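Novice: Only the shape, not the letters, is given here:
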C-alpha cells in the first residue's frame, strides 16, 4: 500500500474560507500536472487554473505547492492544492483526483503513518500528534506539542548512543579479551547501572494519562451523604439525580471538567452499604472498584470509615444543616446548597491533581512508552549485575530492542493500527 499514491482533504470540513487537498506518493507530481499544468519549483507556491484531467472543465483557481521526497512531510513526493473552501469545490477536485489511475483516497492517519515509515518522524512524535489533535486544555496542548516536536525522540537518541557504546565495549571484550577476562569489567557494569538509573528517574515522572484523559476524582460515601448534590455543585449543573431516598444513585456518573486548567473526570458513585437488591449490589461493587482506581478520593462518610488512599480528602457535607454539627478534625465543611467551603474543596482537589501531572513543558511518558522504557531499564540492570560478558551483551541487545519498539522501528504493527485509527482523513 505504501506504493499507492493517496489523496485527501487535509483541512477542516467545508464550508470554510480555504480548503487544502494533499496528494502523496510516486504519482503525486504527475497527478498535480494533470490538474494544474506546470508545477512550481520545490517548496514554492503558484496560482494555477485547476482543471479536470479528462473533461478539462475548470474546477477552481487555487494555489499549488510542490514538495520533492524525501524532503516532504511524508518523505514522498507531495502536491498540495489550496482551493476555495466550499463543499462543491472540494468535492470537484477530489472527484478529479479519483479519475486518475493509481490514486486512491487516503485512510485515516495514512499521511502521518507514511511519515513514520519513511523516517520523517518516529512513533513518539506520531503519538504526540495524535494527542495534539485531541488536546482540549492548554496543559494538554503544551505536553502534546513537546512530544510532537521530537523532544522524547531526541532524548531516546541520546540514550541509544550511550547504549551502542556499551554494546560495542561488550562485543570488543568478547572478541579480543575473552581468554584473559575474568568476569565483566567493573567499569562496564557501573556504566550499565548508571544508564539504568537514568531511565528509572524518567519512569518515576508523572505520566501523561491523567493529563490526556483527565484526573479521576471519585466522590464516595454511604447513601444520602450528599455525593450527588456535591457533584452537581462542582459541575454547576444538574448532572446527577438527587432525592431524599437512600440508594438513588445505582451506577456511577462521570462529568468531564476543567479545574484551573487541569482536566478532571468527576465521578459520582453509588452509596456504599450492604444490600441484597441485585442492581444496587452491582452499583456498590462498582463503587469499590472506582475507589481503587481513583486518582483523588473525596470521602463523604464517617472519618473512621475512610478507605486507604494516597490522595484522599475528607468532606463534611451538608454542613448547612444544624444537626450535622462541626466538621471533625481533618475534614472540610462543605455545603452544596449554600456553596460554603466549595472553593476550599476545589483548591484541595486542584493541589492533589497537580501532583499527578507533569511540570509545564516537561516531557511525559504514556503507558506504552513507559512499558518499553522499563524493559530497557530492566535489561540494563541485569547487564550491570551479570558476571558473564556474553550474558551482559545479550541483555544490552534486549535493551536495544526495547528502544526500537519504543520508537516504532520494530514490533509495533498492532500499535500503529490502533494509533492511526485515532487520526482523521488527511492527517
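Specialist: Perfect, thanks for sending it. As the structure is a computational prediction, the values presented were derived from the model and not from experiment. Numbers count the residues shown, from 1 in each chain.

Novice: Neighbours of residue 339, how many?
Specialist: By other C-beta atoms under 10 Å, the residues close to residue 339 number 11. Heads up, the C-betas are built off the backbone N, CA and C, glycines and all.

Novice: contacting residues around it?
Specialist: Residue 339 sits next to residue 233 when contact means C-beta atoms under 8 Å, 6 or more residues apart in numbering.

Novice: That one should be in a strand, yeah?
Specialist: No. Per DSSP: H, G, I helix; E, B strand; the rest coil, residue 339 lies outside any strand segment and is coil.

Novice: Got phi/psi on it?
Specialist: The phi/psi pair for residue 339 (degrees, to the nearest 10) reads phi 90, psi 0.

Novice: For residue 40, see how far away it is.
Specialist: According to C-beta to C-beta, to the nearest Å, residue 339 and residue 40 sit 62 Å apart.

Novice: Show me which residues of the strand or helix carrying residue 349 are buried.
Specialist: Assessed by DSSP states H and E, residue 349 sits inside helix 342-354. The neighbour-count check on helix 342-354 (16 or more other C-beta atoms under 10 Å) flags 342, 345-346, 348-350, 352-354 as buried.

Novice: what would those look like in CSV with distance to residue 257 and pLDDT?
Specialist: Formatted as CSV, the buried residues of helix 342-354 follow (distance: C-beta to C-beta, whole Å; pLDDT from 0 to 100):
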residue, distance to residue 257, pLDDT
342, 13, 91
345, 13, 90
346, 10, 91
348, 15, 92
349, 10, 91
350, 11, 89
352, 15, 89
353, 11, 88
354, 15, 85
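
Novice: Name the residue closest to the centre of this structure, please.
Specialist: residue 131 (4.6 Å; C-alpha atoms, centre = their mean).

Novice: Not counting sequence-adjacent ones, nearest residue to that one?
Specialist: residue 144 (3.7 Å; C-beta to C-beta, 6 or more residues apart in numbering).

Novice: C-terminal to the helix or strand harbouring that neighbour, what's the next element?
Specialist: Residue 144 is part of helix 138-148 when elements are defined by DSSP H and E. Counting by DSSP H and E, the element after helix 138-148 in chain order, helix or strand, is helix 151-176.

Novice: by how many degrees do the helix or strand following that next one and helix 151-176 diverge?
Specialist: Using DSSP H and E, the helix or strand that follows helix 151-176 towards the C-terminus is helix 186-203. Angle of helix 186-203 versus helix 151-176, following axes from the mean of the first three to the mean of the last three C-alpha atoms, to 10 degrees, is 160 degrees.

Novice: Tell me which other helices or strands helix 186-203 touches.
Specialist: Counting by 3 or more C-beta pairs under 8 Å, 6 or more residues apart in numbering; DSSP states H and E, the packing neighbours recorded for helix 186-203 are helix 151-176, helix 367-385, helix 389-407.

Novice: That helix: what's the following helix or strand?
Specialist: helix 209-213.

Novice: which strands and helices sit next to that next one?
Specialist: Helices and strands touching helix 209-213, by 3+ C-beta pairs under 8 Å, 6+ apart, are helix 138-148, strand 262-268.

Novice: Thanks a lot, catch you later.
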